[in-house]
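> sequence? don't have it. structure:
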């Protein structure tokens with residue numbers, strides 16, 4: 001393999017690791033916020049937004 005091919009392979013691997021890390025951190029933060037939202041007061045309108053987003057995403061994935 002040439003040096004250029006190795007460079008592209010390395011950069012692609014690093015980009016994949018970075019993308020996976022960003023997605024995993026986002027999902028972890030969302031899952032932690034949903035758990036804390038369930039224990040908080042239900043009168044706050046912003047807390048009701050996350051379950052609604054979950055329902056919409058679920059409906060989109062089923063269709």
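That came through fine. These numbers were taken from a predicted model, which means no experiment stands behind them.
> Flag the shaky bits of this protein, pLDDT-wise.
Scanning the chain for pLDDT under 70 picks out 34-47, 63.
> Kindly list the longest helix within it.
Counting residues, the longest helix in the chain under DSSP state H turns out to be helix 3-39.
> Output the contacting helices and strands for that helix.
Applying 3 or more C-beta pairs under 8 Å, 6 or more residues apart in numbering; DSSP states H and E, one finds that helix 3-39 makes contact with helix 49-62. Using the backbone N, CA and C atoms, a C-beta is placed for each residue, glycine as well.
> Centre of the chain to the helix it packs on, how far?
For helix 49-62, the separation from the chain centroid amounts to 14 Å (computed by C-alpha atoms, centre = their mean, to the nearest Å).
> and that helix with helix 3-39, angle?
In terms of direction (axes from the mean of the first three to the mean of the last three C-alpha atoms, to 10 degrees), helix 49-62 departs from helix 3-39 by 130 degrees.
> helices and strands around helix 49-62, which ones?
On a contact count with 3+ C-beta pairs under 8 Å, 6+ apart, helix 49-62 meets helix 3-39.
> so how far is the helix it packs on off the chain centroid?
Relative to its parent chain, helix 3-39 has a centroid offset of 8 Å by C-alpha atoms, centre = their mean.
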